[in-house]
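Engineer: Give me the fold of what follows.
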Amino acid sequence: MVLCEAERENCKQHLPNFGKRNPAFSRGDNPQQHTALLPMKTSTTRTAFTIIELIVVCAIIASLAVLLLPRAKRIQTEAKRNQCITNLKGIEIEKDLWEQEQVAKAAKRVKELRAMTDAEAYRGEPPVGDWWKCPAGGLYTVGPIGTKATCSVTGHIL
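Structural biologist: The predicted structure follows:
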């Protein structure tokens, strides 16, 4: 095998065929012709991910998502339940405060007011926005003084 004796930088005849045999040599022409077998450049540094690596990463992410989605739903449901119970406790505290305030102001009206079940009577004003709605979509029932407030969603109990 004969190597090109011209300088590598100046050998414009063989630069397009860098690292390959001269096509004339493979057709059976004169084997003594220039074969342009210059040393091939090889890169030892990686510049991109392989498709297998990308598939493995996607599979790992998908499996983690499958494991975490049901847990996230359960956590969200528990958070709504806890918020509902907190709201029910707030309603109870407000009922007690209202009762104490009303007893102090007018002892003779206490008997009449104990029978009231209207939510506006306990707050002294109409409810604004979603204050009377559970985060899970249920509705609160305040009830008369002496009874606990309830929620229409099962499991949301004081």
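
Engineer: State the number of residues packed around I51.
Structural biologist: Per other Cβ atoms under 10 Å, the neighbour tally for I51 reads 8. Heads up, the C-betas are built off the backbone N, CA and C, glycines and all.

Engineer: going forward can the numbers begin at 504, since that is how I track them
Structural biologist: That works, and once the first residue is 504, the last one we named lands at I554.

Engineer: In this protein, where is pLDDT below threshold?
Structural biologist: Residues of the chain meeting the criterion pLDDT under 70: 504-547, 549, 610-635.

Engineer: Mind doing that once more with 90?
Structural biologist: Applying pLDDT under 90 to the chain flags residues 504-553, 571-576, 594-595, 597-661.

Engineer: Specify the residue ranges that define each domain of it.
Structural biologist: Per automatic domain parsing, the structural domains of the chain span 504-543, 583-654.

Engineer: okay, stretch 586-593 in CSV with CA atoms only?
Structural biologist: What follows is stretch 586-593, C-alpha atoms only, in CSV (Å, rounded to 0.1, in the frame of the first residue of the first chain):
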residue,chain,number,x,y,z
GLN,A,586,-59.2,22.1,55.4
CYS,A,587,-62.9,21.1,55.7
ILE,A,588,-62.5,20.0,59.3
THR,A,589,-60.6,23.2,60.1
ASN,A,590,-63.5,25.2,58.6
LEU,A,591,-66.0,23.2,60.7
LYS,A,592,-64.0,24.0,63.8
GLY,A,593,-64.0,27.7,62.8
